[in-house]
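Visitor: I would like the atomic coordinates for the input below:
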Amino acid sequence: MYNHLLSGLNASLLCTLLVNAPLALADPLTVNVEKQQDLSITLYNQNLGLVRDVRSLPRINPGQALYIHDVSHQIMSQTLQVENAGKILEQNLNNNLISVTSLLQAYTGKQIQLARFNSVNGSETISNARLLSANGQFALVEHKGNIETIPVNQQGWRFIFPTIPEGMQSRPSLEVRSEGTSKASDATLTYLTHGLSWQMDYALVLNSKGDRLDLDGLATLNNQTGVDFHNGKILLMAGQVNQPPEQLIRRHKTAMLMAESMADNGAPEAFQDYQLYRLPQRASLLNGQTKQVSLISAEQVKADRSYHYQMQVYPSLDRQQYEQKPDIKVSFANTQKQGLGFPLPAGNARVFSPDSDGIRHFIGSANVRNTSKGQKVELPIGKSFDLTVKRQQNLFQKNYDTFLTGHELELINSSDQAKPITVTANFQQDWKITDSSHPYTKINAGQSQWVITLPADSIIRLAFKTELKKP
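Guide: As a prediction, this is how the structure comes out:
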């Protein structure tokens with residue numbers, strides 16, 4: 001009877017233990033990309049991206065481990081936010097990936113096997129050894145009572161490891177534990193990551209007269225995160241952001257809501273102090289892929305091709321003679337009247353122009369800065385072949401509290417067309433032009449400017465004198 005009673009108590013105790021066993025002992029849940037319900041990615045210009053990944057989850061027990069695979073290998077784990085998966089107790093980035101180096105580190109002080117290939121007879125011998133240490137090139141092993149060095153990553157030798165160490169995996173994963181959920185749900189993962197970036201590239205076709213151009217802006221997207229992103233909403237943030245990551249995440253929640261209402265033509269949306277572009281269709285961005293998408297297009301934009309020469313006026317004697325080529329600048333106003341009138345992200349602009357047979361040739365490139373509507377774009381694309389500036393100082397005089405300098409410039413146009421040139425003189429102290437052969441304009445406290453039209457095949461002489469105040 002005692003044994004029967006004890007057996008009943010044991011059964012009752014076992015049931016109690018099973019009922020009250022920690023739910024954390026439930027089998028871990030694994031969620032991979034097949035459970036993805038929605039995806040959106042915001043790319044920044046500075047090797048930065050923000051991922052919003054929605055995954056369907058089953059009901060989660062309190063403390064149960066949830067492993068989320070197929071996340072960026074360059075995730076900034078401190079920026080991770082998990083929503084709608086219960087109150088988060090802890091979250092970990094498991095980034096201990098399998099590699100030769102990590103396996104050697106894990107098995108330091110333990111038994112492994114060494115395989116050596118004999119290239120003479122084609123045989124391979126396998127023997128046991130204890131791994132003592134390893135660096136990038138050599139491993140130190142205890143082998144048959146001796147201490148030996150073995151080359152790492154070299155033909156003829158192989159290391160054989162018995163098993164994959166606990167916690168080591170082939171790809172990163174997020175481990176999340178929460179207070180659990182009462183039912184299945186769609187959880188949202190939001191995180192910043194390196195390895196995503198975009199840049200703007202412009203192709204400008206300038207007509208032969210230099211007064212009109214066609215503009216095409218291509219956004220180049222790049223993914224080096226280690227994972228593929230499939231069928232996602234792609235947003236592009238234009239502007240230079242500082243990177244306190246938590247602020248970016250909070251701001252981006254608002255950005256996502258705003259982006260939903262944007263037109264499907266890729267028009268930019270003003271957001272905070274930046275510009276947000278949304279690609280009109282969902283797209284995939286695979287790991288290692290560079291993708292180009294059309295973002296901006298405009299035809300027959302009114303343009304101006306001009307020639308610019310800058311010089312410095314110093315309070316010192318200069319006997320040197322200069323012969324230089326002026327810059328070629330292509331400029332246009334970013335206004336609706338001129339055929340544009342929308343924000344232009346920073347990027348490289350390559351300019352082409354057709355010859356007499358209509359064949360386009362590359363004639364130079366320059367960087368476009370972030371340009372809001374209403375601003376002017378100026379692109380110094382190269383040096384003029386047919387225009388030459390010869391310059392020399394022809395006067396230098398020291399006075400009580402001033403210096404008097406004189407300069408003479410020969411502006412030479414060797415082409416068969418009239419061309420305007422803008423000459424800018426830069427000053428480093430208070431100045432006053434006392435004499436000039438041509439009218440000039442005081443641009444600001446440190447610059448004067450002459451705009452002179454050079455007839456075809458001509459030489460124009462510009463001379464001026466300047467009084468510079470001593471500091």
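Visitor: Now do residue 287: how many residues are near it, please.
Guide: Neighbours of residue 287 under the rule other CB atoms under 10 Å: 14. Yep, even glycine has a C-beta here, placed from its N, CA and C like the rest.
Visitor: Please report how far it lies from residue 41.
Guide: 13 Å (CB to CB, to the nearest Å).
Visitor: try residue 215
Guide: Taking CB to CB, one finds residue 215 at 26 Å from residue 41.
Visitor: Also residue 87?
Guide: 27 Å.
Visitor: which of the two has more neighbours?
Guide: For residue 87 versus residue 41, neighbours defined as other CB under 10 Å are more numerous around residue 41 (23 against 9).
Visitor: show me where this structure has helices.
Guide: 2-19, 100-106, 245-260 (DSSP state H).
Visitor: if you average pLDDT over each of the ones you listed, which comes out lowest?
Guide: For the helices of the chain, the weakest mean pLDDT is recorded on helix 2-19, namely a mean of 43.
Visitor: Low-confidence stretches in the stretch 101-250 of the chain?
Guide: Scanning the stretch 101-250 of the chain for pLDDT under 70 picks out the ranges 239-250.
Visitor: would you list every one of the strands in it?
Guide: Taking DSSP state E, counting those that start in this stretch, the strands of the stretch 101-250 of the chain run over residues 111-117, 124-134, 138-143, 146-151, 157-160, 173-178, 185-193, 196-206, 212-223, 229-238.
Visitor: Dump these into TSV; add distance to residue 95 and mean neighbour count as well.
Guide: Putting the strands of the stretch 101-250 of the chain into TSV (distance: least, CB to CB, whole Å; neighbours: other CB atoms under 10 Å) gives the following:
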stretch	distance to residue 95	mean neighbour count
strand 111-117	24	15
strand 124-134	20	14
strand 138-143	24	17
strand 146-151	28	12
strand 157-160	22	15
strand 173-178	8	20
strand 185-193	12	21
strand 196-206	18	21
strand 212-223	18	19
strand 229-238	19	21
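Visitor: can I get the ones you listed in CSV with distance to residue 52?
Guide: What follows is these, written out as CSV (distance: least, CB to CB, whole Å):
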stretch, distance to residue 52
strand 111-117, 44
strand 124-134, 41
strand 138-143, 44
strand 146-151, 46
strand 157-160, 42
strand 173-178, 14
strand 185-193, 5
strand 196-206, 13
strand 212-223, 16
strand 229-238, 8
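Visitor: what's the closest of the ones you listed to residue 92?
Guide: strand 173-178 (4.3 Å; CB to CB).
Visitor: who does the closest one pair up with?
Guide: Its sheet considered, strand 173-178 pairs with strand 66-69 (antiparallel), strand 88-94 (antiparallel) by DSSP bridges.
Visitor: didn't residue 229 look like it was pressed against residue 39?
Guide: Yes. Contact status for residue 229 versus residue 39: in contact at 6.3 Å, counting by CB atoms under 8 Å.
Visitor: got any residues that touch both of the two?
Guide: Common neighbours of residue 229 and residue 39 are listed as residue 51 (criterion: CB atoms under 8 Å, 6 or more residues apart in numbering).
Visitor: count of residues packed around the nearest residue to residue 388 once chain neighbours are set aside?
Guide: Excluding its sequence neighbours, the residue lying closest to residue 388 (CB to CB, 6 or more residues apart in numbering) is residue 412, at 4.3 Å. Residue 412: 16 surrounding residues under other CB under 10 Å.
Visitor: Distance of residue 412 relative to residue 422?
Guide: From residue 412 to residue 422 the distance is 16 Å (CB to CB).
Visitor: residues contacting the closest residue to residue 311 other than its chain neighbours?
Guide: Leaving aside its sequence neighbours, residue 311 sits nearest to residue 425 (CB to CB, 6+ apart; 5.6 Å). Listed by CB under 8 Å, 6+ apart, the contact set of residue 425 reads 310-313, 407, 447-449, 464, 466.
Visitor: Could you list which of the residues you listed belong to strands?
Guide: 310-313, 407, 447-449, 464, 466 (DSSP state E).
Visitor: now those residues as CSV including distance to residue 134, neighbour count and pLDDT?
Guide: As requested, the ones in strands among the contacts of residue 425 are exported to CSV (distance: CB to CB, whole Å; neighbours: other CB atoms under 10 Å; pLDDT from 0 to 100):
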residue, distance to residue 134, neighbour count, pLDDT
310, 60, 15, 97
311, 63, 15, 97
312, 60, 9, 96
313, 66, 22, 96
407, 70, 19, 97
447, 64, 14, 97
448, 69, 21, 97
449, 68, 15, 97
464, 73, 21, 97
466, 71, 22, 96
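Visitor: What is the nearest of the residues you listed to residue 344?
Guide: Using CB to CB, the ones in strands among the contacts of residue 425 come closest to residue 344 at residue 310, 25.1 Å.
Visitor: Pretty sure residue 140 sits against residue 146.
Guide: No. Residue 140 is beyond contact range of residue 146, at 11.1 Å (criterion: CB under 8 Å).
Visitor: What residues are bridge-paired with residue 453?
Guide: residue 420.
Visitor: and it, what pLDDT?
Guide: pLDDT at residue 453 comes out at 96.
Visitor: Could you check how far it is from residue 418?
Guide: For residue 453 relative to residue 418 (CB to CB), the value is 6 Å.
Visitor: Can you give me the neighbour number for the closest residue to residue 386 other than its chain neighbours?
Guide: Sequence neighbours aside, residue 415 is the residue nearest to residue 386 in space, at 3.8 Å (criterion: CB to CB, 6+ apart). Residue 415 has 14 neighbours, counted by other CB under 10 Å.
Visitor: how much space between residue 415 and residue 456?
Guide: 6 Å.
Visitor: With residue 384 instead?
Guide: Residue 384 is 14 Å from residue 456, by CB to CB.
Visitor: Between the two, tell me which one has more neighbours.
Guide: When neighbours are counted by other CB under 10 Å, residue 384 and residue 456 differ, and residue 384 comes out ahead with 19 against 12.
Visitor: a markdown table for the ones in strands among the contacts of residue 425, including distance to residue 377?
Guide: Converted to a markdown table, the ones in strands among the contacts of residue 425 look like this (distance: CB to CB, whole Å):
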| residue | distance to residue 377 |
| --- | --- |
| 310 | 19 |
| 311 | 25 |
| 312 | 26 |
| 313 | 29 |
| 407 | 31 |
| 447 | 20 |
| 448 | 24 |
| 449 | 20 |
| 464 | 30 |
| 466 | 32 |
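Visitor: Looking at these, which is nearest residue 368?
Guide: For these, the nearest to residue 368 is residue 310 (20.8 Å; CB to CB).
Visitor: how close does that closest one get to residue 331?
Guide: 16 Å.
Visitor: what does residue 446 give?
Guide: Counting by CB to CB, the gap from residue 446 to residue 331 is 22 Å.
Visitor: give the contact list for residue 105.
Guide: By CB under 8 Å, 6+ apart, the neighbours of residue 105 are residue 134.
Visitor: The same query, at a cut-off of 10 Å, please.
Guide: 96, 99, 131, 133-134, 165 (CB atoms under 10 Å, 6 or more residues apart in numbering).
Visitor: With just CA atoms, put stretch 53-60 into CSV.
Guide: Output of stretch 53-60 as CSV, limited to C-alpha atoms (Å, rounded to 0.1, in the frame of the first residue of the first chain):
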residue,chain,number,x,y,z
ASP,A,53,10.6,44.0,-42.2
VAL,A,54,7.1,42.5,-41.3
ARG,A,55,7.1,38.8,-40.5
SER,A,56,4.2,36.6,-39.5
LEU,A,57,4.7,34.9,-36.2
PRO,A,58,2.8,32.1,-34.4
ARG,A,59,1.7,32.5,-30.8
ILE,A,60,4.8,33.0,-28.6
